[in-house]
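# need coordinates for the following:
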Amino acid sequence: MLYLQLFWTYLKIGTFTIGGGYVMLSMIEREIVDRKGWIDREEFLNMIALAQAAPGLIAVNSAIFIGWRIGGWRGVIATVLGAVLPSFFIILAIAMLFQDYKDYPAVEAIFKGIRPAVVALIAAPLIRMAHSAKITWATASIPIAGALLIWLGGLSPVWIILVTALVTLLFTWLKERRKA
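Residues are numbered from 1 along each chain as shown. Have a look, this model is predicted:
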């Protein structure tokens with residue numbers, strides 16, 4: 001029964017989420033943390049950090065982490081299938097129909113209208129997660145600086161991640177040493 005609940009929860013989220021993995025995160029949080037209580041908010045935020053750092057899609061990575069945490073391998077299969085199947089079938093249907101209708105003015109207008117909505121759908125959960133994680137202006141400067149270095153400086157995200165991890169380790173070590 002648990003695996004069916006996991007599958008059904010992720011199937012609903014995957015079916016009704018427009019805008020990608022980051023938009024799914026707020027729905028996952030609402031279902032997994034708030035409604036079902038399967039994990040707490042702190043563990044959810046830690047899981048998001050790991051899902052972002054791991055290679056691959058954040059929606060799939062988060063499904064793997066939550067599925068494993070709640071139901072082991074069977075939980076992983078249930079959550080990943082629930083998250084991926086709706087997108088697979090929707091994209092397949094769009095791909096089959098898009099070639100025939102892509103040049104219609106109404107279709108072009110729909111896609112132009114969806115773009116700002118998708119940006120808002122991505123921004124809203126990110127802002128909410130930043131608030132939940134108690135992000136300050138000082139800590140917010142890190143991803144802003146990283147984004148600018150990638151965008152304007154052409155720096156690889158791998159270097160940003162490595163340097164940030166090393167600086168964080170150094171900062172934590174110095175802080176612990178100062179306490180001792």
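
# where does the chain have low pLDDT?
18-19 (pLDDT under 70).

# domains of it?
2-135, 137-180 (automatic domain parsing).

# what about S62, neighbour count?
Residues within reach of S62, counting by other Cβ atoms under 10 Å, total 26. Placement of C-beta: from N, CA and C, glycine included.

# over to the one 4 residues further on?
The local packing of I66 (other Cβ under 10 Å) involves 28 other residues.

# re the thing from before, ranking the domains of the chain by burial, who's on top?
domain 2-135 (a mean of 16; mean count of other Cβ atoms under 10 Å).

# ok, now how distant is G20 from S87?
9 Å (Cβ to Cβ, to the nearest Å).

# I should have written L162 there, sorry.
Distance from L162 to S87, by Cβ to Cβ: 31 Å.

# next: A130.
Separation of A130 from S87 (Cβ to Cβ): 26 Å.

# so which residues of this structure form helices?
2-15, 21-28, 41-53, 58-101, 105-132, 137-151, 157-179 (DSSP state H).

# quick check: closest non-adjacent residue to the residue most central in space within the chain.
With distances taken as Cα atoms, centre = their mean, Y22 lies nearest the centre of the chain, 3.6 Å away. Distances taken as Cβ to Cβ, 6 or more residues apart in numbering place I122 nearest to Y22, at 4.8 Å, with adjacent residues excluded.

# shouldn't that neighbour be in contact with G20?
Yes. Counting by Cβ atoms under 8 Å, G20 is a contact partner of I122 at 6.9 Å.

# ok, A51 - contacts?
A51 makes contacts with I58, N61, S62, I64, F65, as judged by Cβ atoms under 8 Å, 6 or more residues apart in numbering.

# ok, and the closest non-adjacent residue to the fourth one?
For I64, ignoring the flanking residues on the chain, the nearest one in space by Cβ to Cβ, 6+ apart is V76 at 5.4 Å.

# gap between the one you found and P55?
Where P55 is concerned, V76 sits at a distance of 16 Å (Cβ to Cβ).

# what's near enough to touch E43?
R69.

# equivalent analysis for the one 10 residues further on, please.
Taking Cβ under 8 Å, 6+ apart as the definition of contact, the neighbours of A53 are I161.

# try A63
By Cβ under 8 Å, 6+ apart, the neighbours of A63 are Y10, V76, T79, V80, G82, A83, V84.
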